[in-house]
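Enquirer: Got a predicted model here, sequence first, then my questions.
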Amino acid sequence: MHRRLSYHPTMQRQLVVALAIGILLSGLGCRSESETEAPSTQLITSPTEPSVPAPTLTADEINEGWHLLFNGSTFDGWRGLGRNTIPLEHWKIEDGMIRKVDNGQVVTASDGQPLNGGDIMTVDAYSDFELRFEWRVNPGANSGIKYNVSEILSTTEPPSHAALGFEYQILDDDLHPDARVGPNRTAAGLYDLMGPDAAKALRPVGQFNTGRIVFSGMHGEHWLNGMKVLEFDLDAPAFAELLAKSKYDGISSFAERRTGHIVLQDHGNDVWFKNIKIRIMESETR
């Protein structure tokens, strides 16, 4: 026998409220699950190939005299060292960056420099300046930014199309053998002359580092990720001693102070550069 159940009015109201809340929560749960499972339409970019906005200067930078050396889309203002054009088999513009393309198996000198390299340089030459840039390397890669470069001296001395000048070393310190030669071959060092501060903060391979070169009068500085890691004076006896112990000893006028070009080095490996800008400084007494 079935017994008819009766509910007190208060209990009926409670059941209605509970039922409504249950329906509401069920709907929210379904909607959340649907959103989780729906295909994403968000653009995902690889961390090793970031989407880089076009380089710009702030109003303050413009007032301070900064100029872009790379506009993010063309090689305007650059050409190959010893060439009238860019060696496009070595360099390309990729995703708003300058990329040094891996050359593969090419004939190199004993120091690893390609014998028929493809360094590129600024069309303009600079004397007293501050240069800022960002750089990134592939595992085991090597490159550099050179300054105080004479194109005539560079094309007279071998290897072909490779710049002679002071070099801000760009390197994977962990995997490239140059780093084991000595501190003056490591990232942010003054290549083969002076090593950077051992406390430098080098970011992991695949991430961008910020670099800065100050070159005014006879004084030079290298910076890495906001930290000054070395400084030198061309007219100091200590610098003459460093030069005498380097691979540049015997190269006439290598360390002569000049109005020179800025060069991105082709050392055969994949390297990226972006946000390259320069500020002309007032000349100091030389």
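Expert: Thanks, I have it.

Enquirer: Which strand residues bridge the residue nearest the centre of the chain?
Expert: Compute the mean C-alpha point of the chain, and by Cα atoms, centre = their mean the closest residue is residue 135, 0.8 Å away. With DSSP bridges as the criterion, residue 135 is bridged to residue 209, residue 273.

Enquirer: One more: residue 79?
Expert: Here residue 79, judged by DSSP bridges, has bridge partners residue 121.

Enquirer: Please look at it and residue 85 and confirm they touch.
Expert: Yes - in this structure, residue 79 is within contact of residue 85 by Cβ atoms under 8 Å, at 6.2 Å. C-beta here means a position set from N, CA and C on the backbone, and glycine is covered the same way.

Enquirer: Distance from stretch 191-204 to the middle of the chain?
Expert: 15 Å (Cα atoms, centre = their mean, to the nearest Å).

Enquirer: actually stretch 122-139, not the one I typed
Expert: The answer for stretch 122-139 is 10 Å, by Cα atoms, centre = their mean.

Enquirer: In it, which of the residues would be classed as buried?
Expert: 122, 126-138 (16 or more other Cβ atoms under 10 Å).

Enquirer: pLDDT weak spots in this structure?
Expert: Scanning the chain for pLDDT under 70 picks out 1-51, 104-106, 108, 111-116, 284-286.

Enquirer: Next, the contact list for residue 192, please.
Expert: Shown in contact with residue 192 (Cβ atoms under 8 Å, 6 or more residues apart in numbering): 167, 184-185, 246-248.

Enquirer: got it, and residue 131?
Expert: So residue 131 contacts 69, 145, 147, 212-215, 262, 276-278 (Cβ under 8 Å, 6+ apart).

Enquirer: Which of those fall within helices?
Expert: Among the contacts of residue 131, no member falls in helices (DSSP state H).

Enquirer: List the ones among those residues that fall in strands.
Expert: 145, 147, 212-215, 262, 276-278 (DSSP state E).

Enquirer: Give me the buried entries from the residues you listed.
Expert: The buried subset of the ones in strands among the contacts of residue 131 (16+ other Cβ under 10 Å) comprises 145, 147, 212-215, 262, 276-278.

Enquirer: mind putting the residues you listed in a markdown table, distance to residue 95 included?
Expert: A markdown table is the format used below for those (distance: Cβ to Cβ, whole Å):
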| residue | distance to residue 95 |
| --- | --- |
| 145 | 20 |
| 147 | 26 |
| 212 | 23 |
| 213 | 25 |
| 214 | 29 |
| 215 | 30 |
| 262 | 22 |
| 276 | 15 |
| 277 | 19 |
| 278 | 22 |
